[in-house]
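Provided below for reference: sequence and predicted model.
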Number of protein chains: 2
Amino acid sequence: MTATPDHGRAPGPHRNDLLTIGQLAHRSGLAASALRYYESLGLIHATRTSGGQRRYTRGTLRRIAFVRAAQRVGLSLDEARVALDRLPERPAPSGNEWDLVAASWQSRIDEQIAELERLKAKLSGCIGCGCLSLSRCSLYNAADRAGEAGPGARYLLTPGTDTAPAPAPDPGR
Amino acid sequence: MTATPDHGRAPGPHRNDLLTIGQLAHRSGLAASALRYYESLGLIHATRTSGGQRRYTRGTLRRIAFVRAAQRVGLSLDEARVALDRLPERPAPSGNEWDLVAASWQSRIDEQIAELERLKAKLSGCIGCGCLSLSRCSLYNAADRAGEAGPGARYLLTPGTDTAPAPAPDPGR
DNA sequence: GTGCAACTTCAAGCCGACTTGAGGTCAAGC
DNA sequence: GCTTGACCTCAAGTCGGCTTGAAGTTGCAC
């Protein structure tokens, strides 16, 4: 990709408020292939030139930001799409709807933070406990709690919240 | 599986300090298939009965706890194996080695928490900002930072740390 | 009017972390 | 000694989130 700092790419009468996929890729930090994939999932939309090439409005960056944030709080792309669809599409969605979304994300984030804090506390306890010794290590003992276990379960190390209820293989990435 | 509270499963001369795969699965919360998978990766080891069935020492739970914790801090199973292999195998590893591991995990956890806090702060800023409006939303503006972007990149929303350096597709799951 | 990068579609591939299924064997309680 | 559930192996499948490749078209600069 050209490193030209500000190549005013203006196709015809439009100013450059329409972005090519390459430009959008560059500005969003996603690969063009990912953007096409997002489009195939209905996360973003593009108009087409007469020749069939995609053109994006600047607002698409907004949707992408939303999607990436959604991923960050643990939603799948499909869930992100649902959330996006509920938000008013036109500029300046009424704040209220967004508040709801943001609030629910806040609590998700808080849960994730809390879980990390718990893990951290366990590790702290382990430091200097002659750790991974059978008797005293809370990390170890967290693994040996016969008797709960949903079927298949992946609750290990997260006694309280059980952040990943059903399908997500999640390992935290 | 039988719900018998304490079926003393003692094959011959051994006490029940040897666990079958089913018992280990139950106590660790992992599926038996997952345990076989872990073994195939070298994360855990088993002795075999004359008939070829796996028997685990109780210490295997320790290794599993370690692995799950490693996953939680964002390591792959392969990285977990490497870390495990560095730790002394016999009971009561000398504390020192473990301290190193635990300390490095602490900082990983701190990074993850910090990233979540950043996201949370952004969302807070968004609440009541007439959000997702083009001009003011930090969430939005975080998406439009043309000019960084490693190739392919997935840095969006994490300006500082860049938690996922190279290969992990991770979006936080 | 031509050259070339950037774009197009579609199908297939890849990664990690497992699960599922088929077909068969083991172990223990009666 | 038989029954039954737990176990065995191995290959293939699944899932999410993309990427890669092939083969062809567009659009813009010169």
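It's in.

low-confidence bits of chain A, can you list those?
Within chain A, the segments meeting pLDDT under 70 span A:1-16, A:88-96, A:126-173.

and the residue of it closest to DNA strand D?
Of chain A, the residue with the smallest distance to DNA strand D, taken as C-beta to the nearest atom of the strand, is residue A:51 at 2.1 Å. Just so you know, the C-beta spots here come from the backbone N, C-alpha and C atoms, and that holds for glycine as well.

against residue A:36, how distant is that residue?
According to C-beta to C-beta, to the nearest Å, residue A:51 and residue A:36 sit 16 Å apart.

compare these two (neighbour count), which wins?
Taking neighbours as other C-beta atoms under 10 Å in any protein chain shown, residue A:51 and residue A:36 compare with residue A:36 leading, 15 against 5.

helix, strand or coil: sort out that one for me.
Applying DSSP: H, G, I helix; E, B strand; the rest coil to residue A:36 yields a three-state assignment of helix.

chain A: strands as residue ranges?
When secondary structure is read from DSSP state E, chain A shows strands at A:18-19, A:47-48, A:54-57.

out of those, flag the one nearest DNA strand C.
Set against DNA strand C and scored by C-beta to the nearest atom of the strand, the strands of chain A come closest in strand A:54-57, at 3.1 Å.

the closest one pairs with which strands?
Strand pairing for strand A:54-57, determined by DSSP bridges: strand A:18-19 (antiparallel), strand A:47-48 (antiparallel).

for chain A, longest helix please?
In chain A, with assignment by DSSP state H, the single longest helix is helix A:96-126.

between it and helix B:96-126, how many degrees?
Inter-element angle recorded for helix A:96-126 and helix B:96-126: 160 degrees (by axes from the mean of the first three to the mean of the last three C-alpha atoms, to 10 degrees).

you'd agree residue A:79 is up against residue A:70?
Yes: taking contact to mean C-beta atoms under 8 Å, the distance of 6.9 Å between residue A:79 and residue A:70 places them in contact.

counting neighbours, go ahead and name the busier of the two.
Regarding residue A:79 and residue A:70, a neighbour count based on other C-beta under 10 Å identifies residue A:70 as having more, with 24 against 13.

quick check: closest non-adjacent residue to residue A:45.
Of all residues beyond its chain neighbours, the one nearest residue A:45 is residue A:39 (6.8 Å), with distances taken as C-beta to C-beta, 6 or more residues apart in numbering or on different chains.

over to residue A:48?
Once its chain neighbours are removed from consideration, residue A:48 has its nearest residue in residue A:54; the separation is 6.2 Å (C-beta to C-beta, 6+ apart).

quick check, the one you found in contact with residue A:44.
No: under the criterion of C-beta under 8 Å, residue A:54 makes no contact with residue A:44, lying 9.6 Å away.
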